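**Student:** Model the following, please.
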Amino acid sequence: MKTHRLSRPAAWVLFVPALLLLAYPLRADSSRTQTFQLHQGWNSVFVEVTPANQDPALVFGSTPITMVATFFAVNRPVQFIQNPSAIGWNREGWGVWYAPSRPDSFLSSLHAINGNRAYLVYAQRDCTWTLTGSVAFQPLAWKNDSFNFVGFSMDPQGSPTFDQFFSGSKAHLPLRAYRLVNDQWTLITDPVRTAMRSGEACWVYCKGASDYQGPVSVALPGGQTMDFSNTLDSWINFINRSTNPLDIRIERISSDLPLAYKIFGITKGSVGQVSVDLPAAYSLPALEAGASTSFWLSLRRDKMTTPVQTGLIKITTDIGVQFWIPLKGTRPDLAGTATSQIRHANLTSH
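**Tutor:** This is a model prediction of the structure:
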């Protein structure tokens, strides 16, 4: 691996100061909005965000969507797929929500909408569905020797072809992928010239075990968030699993969290480093096929203005694959100031 060069009462606050960092309002945001253009009938969508209120009745209440289904992994592999109109929704593995207006709404078994999950959505008419929610970095877990109902984050302005996306994975070749067309699952017969789509979910067969995430793999030190609560430094690791060089761009979507990136170098026989404020957008040097690199980030805690601040970065490749990574930083020394402010606010409100 090469290293990249470059209002509770005041008494509650007094007795539980350790929880203040959790209770204090977060600065900035790590949410994003997805927009889906749905047509009348069945749609296959990949939801990347988790709404603040996950109740399907609230998520879909103002839309013409009357039925939503998702597939949960079962012990046995999925060897064949069925068209939505032919599925027995009470079969093992399916969670289904029926709109309250339907007579079978009492049979609903899907009670929460989560991000990083594929859904079948039935709309009574063409519509635009917009969903805002929090982001979590969550690599896909493939079920081996099975069809998988999956989606990937893509640039809406230009996505890779199925061949560009899957050519680096032996477990997915020859490709067996199906997309929903006019309520029918249709085999992708020309992956070289067929583009993937942002917000779309497909059935894809995986032969054997695989951890494949696409032309570029992204890894964090741990968890679904780049968390600087207990450290000043963290990193994002990239591996180019394609057969061509890839350009990688890092963009700050929420910029309140003060960050810097590190440049490493060797001077007089020792390794040195320089920290530079992370700009709104930054492009890494081209990553060669098969190569890996680490991009180091540092929290500038002295520039934080509240005890807890969050943010969001988007990673985009030149072939249109995206990754969204939420950020979190804490500055405990500001918690005392926050305690005084909250205590004063509670006292003056009485």
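**Student:** what about the helices in the stretch 201-350 of the chain?
**Tutor:** Ranges of helices in the stretch 201-350 of the chain, per DSSP state H, counting those that start in this stretch, are 335-348.
**Student:** in it, which spans are strands?
**Tutor:** Here the stretch 201-350 of the chain has its strands, by DSSP state E, counting those that start in this stretch, at 201-206, 216-219, 226-227, 233-240, 248-254, 259-267, 270-277, 281-283, 292-299, 308-317, 322-330.
**Student:** out of those, which comes closest to Ala57?
**Tutor:** Nearest to Ala57 among the strands of the stretch 201-350 of the chain is strand 201-206; the distance by Cβ to Cβ comes to 22.0 Å. Where C-beta positions appear, they are placed from N, C-alpha and C, glycine not excepted.
**Student:** so what's Ala280 closest to, chain neighbours aside?
**Tutor:** Arg252 (5.3 Å; Cβ to Cβ, 6 or more residues apart in numbering).
**Student:** what residues are up against the one you found?
**Tutor:** Arg252 makes contact with 259, 278-281, 311-313 under the criterion Cβ atoms under 8 Å, 6 or more residues apart in numbering.
**Student:** next one: Ile113
**Tutor:** Neighbour list for Ile113: 47, 50-51, 54-56, 59, 68, 119 [criterion: Cβ under 8 Å, 6+ apart].
**Student:** Please identify which of these is nearest to Ser167.
**Tutor:** Using Cβ to Cβ, Val47 is the member of the contacts of Ile113 that lies nearest Ser167, at 26.4 Å.
**Student:** Name all residues that make contact with that closest one.
**Tutor:** Contacts of Val47 by Cβ under 8 Å, 6+ apart are 34, 113-119, 131.
**Student:** So how do I select the buried members of those residues in ChimeraX?
**Tutor:** Those of the contacts of Val47 that count as buried under 16 or more other Cβ atoms under 10 Å are selected in ChimeraX with:
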select :34,113,115,116,117,118,119,131
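**Student:** nearest to Pro156, of the contacts of Val47?
**Tutor:** Taking Cβ to Cβ as the measure, Pro156 lies nearest Gln34 of the contacts of Val47, at 9.7 Å.
**Student:** Just say helix, strand or coil for that closest one.
**Tutor:** Of the three states, Gln34 takes strand under DSSP: H, G, I helix; E, B strand; the rest coil.
**Student:** beta partners for it?
**Tutor:** Beta-bridge pairing of Gln34 under DSSP bridges involves Leu131.
**Student:** residues touching it, list them.
**Tutor:** Listed by Cβ under 8 Å, 6+ apart, the contact set of Gln34 reads 47-49, 130-132, 199.
**Student:** Make CSV out of the residues you listed and add distance to Trp97 and pLDDT.
**Tutor:** Formatted as CSV, the contacts of Gln34 follow (distance: Cβ to Cβ, whole Å; pLDDT from 0 to 100):
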residue, distance to Trp97, pLDDT
Val47, 13, 98
Glu48, 19, 97
Val49, 17, 97
Thr130, 18, 97
Leu131, 14, 97
Thr132, 19, 96
Gly199, 19, 96
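**Student:** If anything else comes up later, I'll come back, but that's it for now.
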